[in-house]
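J.: Build the 3D model from these lines:
(chains A, B and C)
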Amino acid sequence: MKLSIKDLLIFTLLTVTMELALIWALQIAPPDRMQGDVQRIFYFHLGSIWPGFLAFFYVMYGSARYLAGRDLHWDRKSLASGEIGLVFCTIVLTTGPIWAKPTWGVWWSWDARLTSTVVLWLIFLGYINLRHYIDDESKRPRISAILGIVGACVVPFVYMSTRLFETQHPKPVIMGDEDSGIKDPNMTIALVLAMAAFTLLYICLWRIAVTQFQARDRLDKLKTRLSLLEDEY
Amino acid sequence: MSPVVSVFSAMLHKDLRRELRSREIFISSFLFSIILLTVIYFASTSSGVKYELMGAGALWLCITFSGTIGLNRTHQSEMVNNCYRGLILSPADGGWLYLAKVCSNWLLLSAMEVLLLPLIALFFHVDLLQSPGWLALSLLLGTGGFVAVGTLVVVITANTRMKDVLFPVVQLPLVVPALIAGVNSTEVALRGQSPWNWIQFLLALNVVFLSVGFLLYEFLLEE
Amino acid sequence: MSYLVAAYSVVWVVVSIYIFTLIRRNRDLDKTVETLEARIARLESEGLDRTE
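T.: Numbering: from 1, shown residues only, chains lettered A, B, ... in the order given. Here you go, the predicted model:
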């Protein structure tokens, strides 16, 4: 696989930002007064949800572009974004309980963010899996694109409804809220770096996945041309 | 009469007439709801949950499952006799077909809810008349949100291999905000208070999804 | 403290799983390339036989 200058640049940027994020999150940012060092999970936990959202809105954008121009490239780009969005959503859903256990005492609570992320995860899964069940290849990108757009439209409503629910039913008192004051500016820097690092990770993984899908498309085309040639003989 | 309006009313009449003639979907969904309510009773009493407080939730569980079954079967009956092809060939814009379908599905599901309400009042000792206006509005808008998304998804999954199994799997996460808002709005209305913030949310949801469906249905109808 | 380590390792595990999926797909693509090359080779030899 040939690596362009752009790929190398992005990868270097990713390495640098990830290093900085790790240093800031694990060393420079002060430990939380109540939670101690465990709070540092927050940087990666929140840092992962941002690319998750980005991925889904890219799915919506890519799906719309596909429906407008019927260019299959946009379908592949949307699919790649969907897969990686699922990866980041999984990270949020796994780091969440790991953080919850020492801070809240329970592995899971139906608080607004976690609940919404579960639904987001399910919508991602539905989007990716739908393709496997559509046998007709000419229909597949169009139908997936429509589901992508509908799913992306649902996501903000999910977050709003769970938030609205929480304002009506206040959570029981727990040991320290998640955003219990980002007091130190170093904490903010750590959070921003973590978000940037994970966004760059998303971009890197996405570029690799898209290149792979396009390679597969080209191979399929070669296969068909080869079959035609073989039939001639 | 413009072609749009005539197609719209023709679609609506067709769906309603079919359902009124056979009533099979209606009856089976209703019976299913009764069984569901019984199961909810046994599930809640043995776990110590206060049964009476579950009225709104139980109602919406019934609506969700009956709605899912109903949407699926209604669409299946469309496929018989190449009825669907006839729809695709109709002169009106796909969006109006979508709205017609949403209307018919919505009317049928609302009719089911009207039948369910006395049962809920009976089983859960709920006073339906505390705020009938808010209750009606909550059910109307919540059902609207449910049906707006469901009508779209049912055509999406109809293009797949395992349509019946896949439909609830794809549809339910997408319907979550409508359900959350519906349940909470109904609950507040049954308590006699004003669920205005939930109603606003439901209004926004309905507007967004009806517009999205209207714009996208045309793409779904391509062969 | 171990929770912190667990969380960070979970992040790497999940990302690695995805990267392994990508690598496996690449291997499948390589296999397809090999079969295509084999078919081309066969076509070329058959072509030569016919012209002779």
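
J.: mind listing what the residue positioned nearest the centre of chain B touches?
T.: Nearest to the mean C-alpha position of chain B, counting by C-alpha atoms, centre = their mean, stands residue B:147 at 4.2 Å. For residue B:147, the contact set (C-beta atoms under 8 Å, 6 or more residues apart in numbering or on different chains) comprises B:67, B:71, B:102, B:105, B:106, B:109. In short, each C-beta sits where N, CA and C put it, glycine included.

J.: Tell me which two of those sit farthest apart.
T.: Greatest spatial distance in those: B:67 and B:102, 12.3 Å, computed using C-beta to C-beta.

J.: hmm, back to that, next helix or strand past the host helix or strand of the residue nearest to the centre of chain B?
T.: Assigned by DSSP states H and E, residue B:147 belongs to helix B:132-158. Moving toward the C-terminus from helix B:132-158, the next helix or strand (DSSP H and E) is helix B:163-191.

J.: pLDDT below threshold where in chain C?
T.: C:48-52 (pLDDT under 70).

J.: swap the cut-off to 90 and go again
T.: Within chain C, the ranges that satisfy pLDDT under 90 run C:1-10, C:12, C:36-52.

J.: Show me the residue sitting in the middle of it in space.
T.: Residue closest to the average C-alpha location in chain C (C-alpha atoms, centre = their mean): residue C:27, at 1.7 Å.

J.: For chain C, what's its nearest residue on chain B.
T.: As assessed by C-beta to the nearest C-beta, chain C sits closest to residue B:173 within chain B, at 20.6 Å.

J.: quick one: the spatially closest residue to residue A:49 that is not a sequence neighbour and chain B, what's the gap?
T.: Sequence neighbours aside, residue A:92 is the residue nearest to residue A:49 in space, at 5.0 Å (criterion: C-beta to C-beta, 6 or more residues apart in numbering or on different chains). From residue A:92 over to chain B the distance is 16 Å, taken as C-beta to the nearest C-beta, to the nearest Å.

J.: Residue B:96 versus residue A:92, what's the distance?
T.: The gap separating residue A:92 from residue B:96 is 40 Å, by C-beta to C-beta, to the nearest Å.

J.: Compare neighbour counts for the two and give me the winner.
T.: Comparing residue A:92 with residue B:96 by other C-beta atoms under 10 Å in any protein chain shown, the one with more neighbours is residue A:92, at 25 against 19.

J.: burial of residue A:101, as a residue count?
T.: A count of nearby residues for residue A:101, using other C-beta under 10 Å, gives 15.

J.: quick one, phi/psi of the nearest residue to it once chain neighbours are set aside?
T.: Computed as C-beta to C-beta, 6+ apart, the closest residue to residue A:101 that is not its neighbour in sequence is residue A:107, at 5.3 Å. Note on residue A:107: its backbone torsions stand at phi -70, psi -30 [degrees, to the nearest 10].

J.: got it, and residue A:36?
T.: Dihedral angles of residue A:36 (phi, psi; degrees, to the nearest 10) stand at phi 80, psi -150.

J.: got the contact list for it?
T.: Neighbour list for residue A:36: empty [criterion: C-beta under 8 Å, 6+ apart].

J.: Show me the beta-bridge partners of it.
T.: residue A:32 (DSSP bridges).

J.: Report the separation between residue B:167 and residue A:40.
T.: Distance from residue B:167 to residue A:40, counting by C-beta to C-beta: 43 Å.

J.: Actually, residue B:204.
T.: 38 Å.

J.: between those two, which one's more packed in?
T.: Neighbour totals were compared for residue B:204 and residue A:40, and residue A:40 leads with 25 against 17 (other C-beta under 10 Å).

J.: Let me see the contact set for the more buried one.
T.: Residue A:40 is in contact with A:25, A:26, A:29, A:31, C:4, counting by C-beta under 8 Å, 6+ apart.

J.: Quick check: the gap between the fourth one and residue A:186.
T.: With the distance defined as C-beta to C-beta, residue A:31 ends up 11 Å from residue A:186.

J.: Neighbour count: those two, which is higher?
T.: Under the criterion of other C-beta under 10 Å, the comparison of residue A:31 against residue A:186 puts residue A:186 first, with 15 against 11.

J.: so where does that one fall, helix or strand?
T.: In the assignment (DSSP H and E), residue A:186 maps to helix A:185-232.
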